[in-house]
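Asker: Quick one, what's the 3D model for this:
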Amino acid sequence: MDFKKLFRGPIIYIVIAVIGIGIGWSLISGAGTTQISTQKGLEAIQGDQVKSATIFSNEQRVDLVLKDGDKAEQFYYATPRGSEVVDAINDANLENFDDTVTQTSWFMSLLGILLPFLIIGVIFWFLLSSMQGGGSKVMQFGKSKAKLASKETPQVMFTDVAGADEAIEELEEIKEFLKEPAKFQAVGARIPKGVLLYGPPGTGKTLLARAVAGEAGVPFFSISGSDFVEMFVGVGASRVRDLFEQAKQNSPAIIFVDEIDAVGRHRGAGIGGGNDEREQTLNQLLVEMDGFDVKTNVILIAATNRPDVLDPALLRPGRFDRQIGVDAPGLDGRKQILEVHGKGKPLAASVNLEVLARKTPGFTGADLANVLNEAALLTARSNAQLIDNRALDEAVDRVMAGPQRRSRIMNDHEKLITAYHEGGHALAASAMRHTDPVTKITILPRGRALGYTMVLPLEDKYSVTRNELLDQLTYAMGGRVAEELVFHDPTTGASNDIEKATATARKMVTEYGMSNKVGSVKLGQASGEMMMGRDGSSRDYSENIAETVDAEVRVLLEQAHDEAWQVINDNRDVLDFLARELLEKETLDHDELAVIFKDVKKLPERPQWLSSDKRPVSDRPAIPMPTKSPVDAEAVDGGVDSEPTTKPARTRPPRTTPGIATA
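Answerer: Reported below is the predicted structural model:
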């Protein structure tokens, strides 16, 4: 038991107060008085044993002083016997008799008035203590909840962060600003006031902020955006002021606000007191960021997964001067992250982290750390000494599709349908000319799926062609077509495939401009449902256009259905052999699939697509890809990089787990 905390809290004072009240009450009530029954008291009075008597009518009590040694006794009487008691005392003809009604002392009266308020105060004290995390913090709810990293806190350096090279390059300057501000102020450079790190969850935004503080060696205040807002009005703004005041007193310093979208959302998008309190907090944050002293080296670093919902005033230059995207790492980045998290883990000699990095496209740093941790847990569970490829493969499957459902036992017919369904996906993918290779098929239930087919790219991709999207539609329809061809009775297992295929086809028509009837038009205006905390879209086109969109979506899906039927019908022998292998082995890897698909008849190339008959395709080929981008020597000598020969990086599509088709 921590006795220091016990004596610091309010409990010890409450105990002392109770003991003091008990002692005082015993003194007031009078010590040495013996209490007797009403009958014995009357007998003592009638037997001429009493010297004096005092009646307390309010309390229905009689205090007696006996002739024998002046002993004090008292007894209580019921209301019906009051007259009997008075008559007995009158008949006894006592020397001293007092029947005056006693008056309560002023102290007792005051105590009776104050006692309820004292009890209410104690209850309120405990309520505040529970909300603020302890009695020592009562009445400090206006203070900042930011945690200051102490010297004992393990320091994070840039060397501990992998897979975010571009972000580290940007943050290197922030470190220099904090370590040598005079160097930049001498040339008139203004120190950035804020840095916004945005990207998907698990990409290392918090780790990057801690690395900046570790590299610069300055105090690091960390707080969550939700910690600013409390049930009391004005607390959020007070906490913002207190946080920046603490940082200024410890400057140079870094303030890190995680999930800033909790307090930095668009203003004026909701109703109610909670929204007003959040807006007050945001307004105070804007004022503090603008009110920084130029010579005060305090930098605000914030992280969010939703930069699109932040208030524009928060994002303007002068507040968040730098906005750094932290995306899911590429192949090299995933390999570096695996090497960092693999330190201290007993990996078998056969484990190749580069191969593992190729198997995990789209994974974030948190996903990769989870893969290695799951592999370590599986290894320990099996009482093995080394983490091998089998454990890593199982860990990847668990992260992608969930743990294996051993309790879900399918009957033979359901297992046969699942084998043909997954075989249809894999066969359609292998027969198309613009799909990635099939790396794994299993009919073991995982998560909510009865089985899945994994199609993974050989390298990272940041854009997708129209033919690749059409191949994805055909691949998604492969499972349903296999059920139709073999059993003539399709199941509900293709519902998720149809949902994904419909969503892709609709995006091709309404967003990607890949329909010659609709044209290169973005249909559907994005709008934010801020009250619901999500994004939505409103239809900004007519009913005629909507009918055309639906018709084009149907055309794309029908085309994919026909292509899948042709592929599976032409390769029925391969499908039967694949289903037989799945029933026997339950899981097939890339090498086994390569042998099975060796003689697959591929679908011929589609005809060239024209956005319009008025714009025919040119026969002139593209220029060959240069082996090395040319560099302007004069620009290099002058310390300025030449203009890149390639286009700037485009926005990455939203992350989806690639190449998994569930049954």
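Asker: how close does residue 370 sit to residue 398?
Answerer: Applying CB to CB, to the nearest Å, the value for residue 370 to residue 398 is 9 Å. For glycine as for every other residue, the C-beta is placed from the backbone atoms N, C-alpha and C.
Asker: Contacts only, for the residue nearest to residue 225 when sequence neighbours are not counted.
Answerer: Spatial nearest neighbour of residue 225, excluding adjacent residues (CB to CB, 6 or more residues apart in numbering): residue 262 at 3.5 Å. Residues near residue 262 by CB atoms under 8 Å, 6 or more residues apart in numbering: 224-226, 228-229.
Asker: got a pLDDT number for residue 262?
Answerer: Note for residue 262: predicted pLDDT of 83.
Asker: so which strand or helix has the residue nearest the centre of the chain?
Answerer: What sits nearest the mean C-alpha location of the chain, by CA atoms, centre = their mean, is residue 201, with 7.9 Å. For residue 201, there is no enclosing helix or strand under DSSP states H and E.
Asker: Distance of the closest residue to residue 392 other than its chain neighbours relative to residue 338?
Answerer: Nearest residue to residue 392 in three dimensions, chain neighbours excluded: residue 375, at 4.9 Å (CB to CB, 6+ apart). Distance, residue 375 to residue 338, using CB to CB: 11 Å.
Asker: same thing with residue 490?
Answerer: According to CB to CB, residue 490 stands 41 Å off from residue 338.
Asker: One more: residue 432?
Answerer: Distance from residue 432 to residue 338, counting by CB to CB: 31 Å.
Asker: can you check residue 483 too?
Answerer: Counting by CB to CB, the separation of residue 483 from residue 338 is 38 Å.
Asker: between those two, which one's more packed in?
Answerer: For residue 483 and residue 338, the more surrounded residue by other CB atoms under 10 Å is residue 338, and the numbers stand at 26 against 20.
Asker: pretty sure the more buried one contacts residue 373?
Answerer: No - with contacts counted by CB atoms under 8 Å, residue 338 stays clear of residue 373, the gap being 11.9 Å.
Asker: related to what we said a few turns ago, now the contacts of residue 262 as TSV including secondary structure and distance to residue 585?
Answerer: Putting the contacts of residue 262 into TSV (DSSP: H, G, I helix; E, B strand; the rest coil; distance: CB to CB, whole Å) gives the following:
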residue	secondary structure	distance to residue 585
224	strand	48
225	helix	50
226	helix	49
228	coil	56
229	coil	55
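Asker: who wins for most neighbours among those residues?
Answerer: residue 228 leads these on contacts (other CB under 10 Å) with 29 neighbours.
Asker: circling back to that earlier point, in contact with the residue nearest to residue 392, which residues are there?
Answerer: The contact partners of residue 375, taken as CB under 8 Å, 6+ apart, are 387, 391-392, 394-395.
Asker: Could you check the pLDDT of it?
Answerer: 93.
Asker: Checking it next. Helix, strand or coil?
Answerer: Following DSSP: H, G, I helix; E, B strand; the rest coil, residue 375 is assigned to helix.
Asker: separation between it and residue 330?
Answerer: 22 Å.
Asker: repeat for residue 454
Answerer: Applying CB to CB, the value for residue 454 to residue 330 is 20 Å.
Asker: Determine which member of those two has the greater number of neighbouring residues.
Answerer: Using other CB under 10 Å as the criterion, residue 454 and residue 330 rank with residue 454 on top: 26 against 16.
Asker: Leaving out chain neighbours, which residue sits closest to the more buried one?
Answerer: In space, not counting the residues next to it along the chain, residue 454 is nearest to residue 440; the distance is 4.1 Å by CB to CB, 6+ apart.
Asker: and the one you found, bridged to which residues?
Answerer: Note on residue 440: beta-bridge partners by DSSP bridges are residue 454, residue 589.
Asker: hang on, it packs against residue 429?
Answerer: No - if you go by CB under 8 Å, residue 440 and residue 429 don't touch, sitting 11.7 Å apart.
Asker: so what sits against both of these two?
Answerer: Both residue 440 and residue 429 are in contact with residue 453, where contact means CB under 8 Å, 6+ apart.
Asker: Let me see the contact set for residue 365.
Answerer: Residue 365 neighbours (CB under 8 Å, 6+ apart): 162-164, 202-204, 207, 329, 337.
Asker: how about it, phi and psi?
Answerer: Residue 365 adopts backbone torsions of phi -60, psi -40, taken as degrees, to the nearest 10.
Asker: Look up how far residue 394 lies from it.
Answerer: Between residue 365 and residue 394 the computed distance is 21 Å (CB to CB).
Asker: same thing with residue 35?
Answerer: From residue 35 across to residue 394, the span is 79 Å (CB to CB).
Asker: Which one's more surrounded, those two?
Answerer: Neighbour count, other CB under 10 Å: between residue 35 and residue 394, residue 394 has more, with 17 against 10.
Asker: so that one is in which element?
Answerer: Residue 394 is part of helix 389-401 when elements are defined by DSSP H and E.
Asker: For that helix, name the packing helices and strands.
Answerer: Under the contact criterion of 3 or more CB pairs under 8 Å, 6 or more residues apart in numbering; DSSP states H and E, helix 389-401 touches helix 365-381, strand 660-662.
Asker: distance between the ends of stretch 46-58?
Answerer: Stretch 46-58 has an end-to-end distance of 23 Å (criterion: CA to CA, to the nearest Å).
Asker: avg pLDDT for that stretch?
Answerer: The predicted model assigns stretch 46-58 a mean pLDDT of 78.
Asker: what separates the closest residue to residue 198 other than its chain neighbours from residue 196, distance-wise?
Answerer: Sequence neighbours aside, residue 307 is the residue nearest to residue 198 in space, at 4.1 Å (criterion: CB to CB, 6+ apart). Using CB to CB, one gets 7 Å for the distance from residue 307 to residue 196.
Asker: between the two, who's got more neighbours?
Answerer: Taking neighbours as other CB under 10 Å, residue 307 and residue 196 compare with residue 196 leading, 24 against 19.
Asker: relative to helix 365-381, how tilted is the helix holding residue 394?
Answerer: Angle between the axes of helix 389-401 and helix 365-381 is 130 degrees (criterion: axes from the mean of the first three to the mean of the last three CA atoms, to 10 degrees).
Asker: for the helix or strand just after helix 389-401, what is the average pLDDT?
Answerer: Note on helix 389-401: by DSSP H and E, the next helix or strand toward the C-terminus is helix 412-431. Regarding helix 412-431, the rounded mean pLDDT is 93.
Asker: just checking, what packs against helix 412-431?
Answerer: Here helix 412-431 touches strand 438-442, strand 452-455, helix 466-487, helix 543-570, helix 572-585, going by 3+ CB pairs under 8 Å, 6+ apart.
Asker: so it versus helix 543-570, what angle?
Answerer: For helix 412-431 against helix 543-570, the angle by the same axes, to 10 degrees is 100 degrees.
Asker: For helix 412-431, buried residues please.
Answerer: Neighbour counts using 16 or more other CB atoms under 10 Å place 415-431 of helix 412-431 among the buried residues.
Asker: could I have whichever strand or helix holds residue 283 exported to CSV, CA atoms only?
Answerer: Element membership for residue 283 (DSSP H and E) is helix 273-290. Coordinates of each C-alpha in helix 273-290 appear next as CSV, following Å, rounded to 0.1, in the frame of the first residue of the first chain:
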residue,chain,number,x,y,z
GLY,A,273,-23.4,23.5,-26.1
GLY,A,274,-20.8,20.8,-26.7
ASN,A,275,-20.2,22.2,-30.1
ASP,A,276,-19.9,25.8,-28.7
GLU,A,277,-17.4,24.6,-26.2
ARG,A,278,-15.3,22.9,-28.9
GLU,A,279,-15.4,26.1,-31.0
GLN,A,280,-14.2,28.2,-28.0
THR,A,281,-11.3,25.8,-27.5
LEU,A,282,-10.4,26.0,-31.2
ASN,A,283,-10.6,29.8,-31.2
GLN,A,284,-8.3,29.9,-28.2
LEU,A,285,-5.9,27.5,-30.0
LEU,A,286,-5.9,29.9,-33.1
VAL,A,287,-5.2,32.9,-30.9
GLU,A,288,-2.3,31.1,-29.1
MET,A,289,-0.7,30.0,-32.3
ASP,A,290,-0.9,33.5,-33.7
